[in-house]
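J.: Build me a structure from this.
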Amino acid sequence: MVSLLDTIIVFPVVIYTVPLGICLVFWLFSLLGIFDVDIFDIDLDLDTDAEVSGLLATFGFAGVPITLSLSILFFFAWTLALLASTWLLPLLNLTGQAVLFIAGCIVLIVSFIIAVIFTGKITRPLSKLFVTHEAKSNASLVSKTCVISSLKVNETFGQAKLEDGGAGLIISVRADTPNRLKKGDTALIYEYDSDKNLYFILKED
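T.: Coordinates of the predicted model:
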């Protein structure tokens with residue numbers, strides 16, 4: 001029987017192995033505080049944003065970070081393609097490489113479609129965990145203090161935790177460089193950008 005490693009590095013499974021591997025590296029860096037979870041949630045123009053939002057809502061991806069949606073999507077697509085390559089494609093070994101290639105393409109398409117359905121069913125309930133509570137998490141937080149949770153903070157990324165009397169809020173923060181901000185430091189929120197939902201901070205003396 002072909003080994004697992006041999007299967008995941010050849011067509012068609014390798015098509016999903018690569019993006020899944022990138023997702024795993026991203027989540028590793030996120031756990032280390034190097035990346036923000038919403039680093040790829042970029043701002044789009046109004047017309048494009050409406051179309052993309054409608055498409056995401058149709059498949060049930062709206063309301064969660066795109067990085068999470070893609071990670072779940074590629075995981076399901078990779079798993080389905082792996083199962084098909086392990087149990088179904090070997091049955092076609094005697095029919096020629098052309099037939100195997102066509103069958104592999106079909107596996108990729110079918111796996112992706114099924115993965116989209118599964119991902120939508122998972123992300124819909126998860127979206128409740130990413131609801132923004134406007135009364136507690138926007139401009140009213142200016143002049144409050146927070147604790148840095150990422151390894152560092154600069155003009156492009158950073159995260160901090162702010163106590164709100166409950167479980168606490170995780171907010172995206174930015175700061176001018178050079179600075180001495182690091183994980184565990186206490187900082188003062190001095191400005192809020194409503195367009196990007198970002199907080200600008202200074203190290204508290």
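J.: center of this protein - which residue?
T.: Closest to where the C-alpha atoms of the chain average out (CA atoms, centre = their mean) is T67, at 1.5 Å.
J.: And what about that residue, helix, strand or coil?
T.: Recorded secondary structure, T67: helix (DSSP: H, G, I helix; E, B strand; the rest coil).
J.: so it makes contact with V25?
T.: No - T67 is beyond contact range of V25, at 11.7 Å (criterion: CB atoms under 8 Å). From N, CA and C alone the C-beta is placed, and that goes for glycine too.
J.: What distance do you get for the residue nearest to the centre of the chain to I170?
T.: 15 Å (CB to CB, to the nearest Å).
J.: Ok, L188 next?
T.: From L188 to I170 the distance is 18 Å (CB to CB).
J.: Now do stretch 68-87: everything it contacts.
T.: For stretch 68-87, contacts defined as CB atoms under 8 Å, 6 or more residues apart in numbering pick out 2, 4, 7-8, 12-13, 15-17, 19-20, 23, 26-27, 37, 56, 61, 104, 107-108, 110-112, 114-116, 118-119, 122-123, 126.
J.: Can you report how many residues lie near N179?
T.: 15 (other CB atoms under 10 Å).
J.: Please disregard the earlier target; I meant A77.
T.: Neighbours of A77 using other CB under 10 Å come to 26.
J.: Can you give me the end-to-end span of stretch 139-152?
T.: 23 Å (CA to CA, to the nearest Å).
J.: Please identify the buried residues of that stretch?
T.: By 16 or more other CB atoms under 10 Å, the buried positions in stretch 139-152 come out as 141, 146, 148-152.
J.: Stretch 74-92 too?
T.: Quick answer for stretch 74-92 (16+ other CB under 10 Å): 74-82, 84-85, 89.
J.: where does this structure have its least confident helix or strand?
T.: Lowest on mean pLDDT, DSSP states H and E among the helices and strands of the chain sits helix 134-137, with a mean of 48.
J.: on contacts alone, who are the packing partners of the next helix or strand after it?
T.: Going down the chain from helix 134-137, the next helix or strand is strand 145-148, by DSSP states H and E. Secondary-structure packing of strand 145-148 (3 or more CB pairs under 8 Å, 6 or more residues apart in numbering; DSSP states H and E): strand 159-162, strand 169-174, strand 186-193.
J.: again, only using 7 Å
T.: If contacts are counted by 3 or more CB pairs under 7 Å, 6 or more residues apart in numbering; DSSP states H and E, strand 145-148 sits against strand 159-162, strand 186-193.
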